[in-house]
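1. A predicted structure for the sequence below; I have some questions about it.
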Amino acid sequence: MNRLNISPVDQDKIKVDVLDNGEGLMVRLVGDIDMEDPSLVLDPLFEKIHQGMVAQKIPFIVADFNGLTFLNSSGIKAVAKWIMKLAMLPPAQKYQIRIAHNKAITWQVTSLPTLTYLVPGAVKIE
Amino acid sequence: MSQSDGYIEIRFGPRWKYISPARVFIQNFIAIALSDQVKADSIAMATSELLENAVKYGTTDDTQCIVQAFTASGTIQASVTNQATAQGAAELEAIFQKIMGGDPLEAYIAQMREAATRSDGKSQLGLARIRYETGAEMKLEVTAGYQVTVAIVVK
């Protein structure tokens, strides 16, 4: 479990764990996100993470995509929606999303860096 | 179909569960045909996005996907065909026109920002993603009876 008490998700072909990570958190995604509407799983999860990050003033979260073998564009939409929440926050409440990715997986190399353009300074690729 | 060094044709009833095996099959076909894993991954992603659109918006029990490999040039041509409604075809033409103009990255980011604010369950990101991530030449054909084909060429 983690300091936000967010339960793991294990649904369809995707597993998501939220873990404490030093001063920050980590959300680890493993499997394939290729279902018809991934927002059913991801939107509530990212909303809980976002609310918890802001409420507890957690400075960063690592979004670990290393174990994610596929992400369809509907899944990208869900991640983009989470990132765009950061644009609405006043500076004192902002936190950083650090994306950990696997350079051996082609879509991760081409897709994930584009997320850094959505909200300047909010997302960093590790 | 132009002369290629190998092709596959997949037809299936539009069911979501068949997209994933089709993607893996296409990925393996290209990896073997071209010995190029990066290109295989990119085109598998692209055809998967096109198949998702076809299954979501198709109106009949038939989705067709053709992938051709040209080994000398390392070129792949792929197309996905399905039957649409007049409204569905018009929406697709409008999205296509919108994302094909300007810089591919800027068009993709703009679509991502727009997708994040949509509440209708659609992402409308797939075509912009394909254009940016594969660098493909893309073409849309709509027949008088609203059969739509999206074709891509990746060199």
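-> Thanks, I have it.
2. looking at chain B, which helix or strand is least sure?
-> Every helix and strand of chain B was ranked by mean pLDDT, DSSP states H and E. The lowest is strand B:6-12, at a mean of 92.
3. nearest residue to residue 78 other than its sequence neighbours?
-> With no chain named, the answer covers chain A. A:L42 (3.8 Å; C-beta to C-beta, 6 or more residues apart in numbering or on different chains). For every residue, glycine as well, the C-beta is placed using N, CA and C.
4. that's the wrong chain, I meant chain B
-> That would be B:V67: by C-beta to C-beta, 6+ apart, it lies 4.6 Å from B:A78.
5. Equivalent analysis for B:S48, please.
-> Closest to B:S48 by C-beta to C-beta, 6+ apart is B:R23, at 4.2 Å.
6. what comes up buried for the helix or strand that contains that neighbour?
-> Taking DSSP states H and E as the definition, one finds B:R23 inside helix B:19-34. For helix B:19-34, the neighbour count (16 or more other C-beta atoms under 10 Å in any protein chain shown) marks B:I19, B:S20, B:A22, B:R23, B:F25, B:I26, B:Q27, B:F29, B:I30, B:A31, B:A33, B:L34 as buried.
7. Which pLDDT value belongs to the third one?
-> We note a pLDDT of 95 for B:A22 in this prediction.
8. Next, A:K81: phi, psi?
-> Dihedral angles of A:K81 (phi, psi; degrees, to the nearest 10) stand at phi -60, psi -40.
9. Verify the stated contact: it with B:A116.
-> Yes. Assessed by C-beta atoms under 8 Å, A:K81 is found in contact with B:A116 at 4.3 Å.
10. In three-state terms, label the residue minimising distance to the centre of chain B for me.
-> In chain B, the C-alpha nearest the mean C-alpha coordinate belongs to B:L50, at 3.2 Å (C-alpha atoms, centre = their mean). What DSSP: H, G, I helix; E, B strand; the rest coil gives for B:L50 is helix.
11. Run through the residues that contact the closest residue to it other than its chain neighbours.
-> Nearest residue to B:L50 in three dimensions, chain neighbours excluded: B:V80, at 3.9 Å (C-beta to C-beta, 6+ apart). Residues counted as contacts of B:V80 (C-beta atoms under 8 Å, 6 or more residues apart in numbering or on different chains) are B:T47, B:L50, B:L51, B:N53, B:A54, B:T63, B:Q64, B:C65, B:T149, B:V150.
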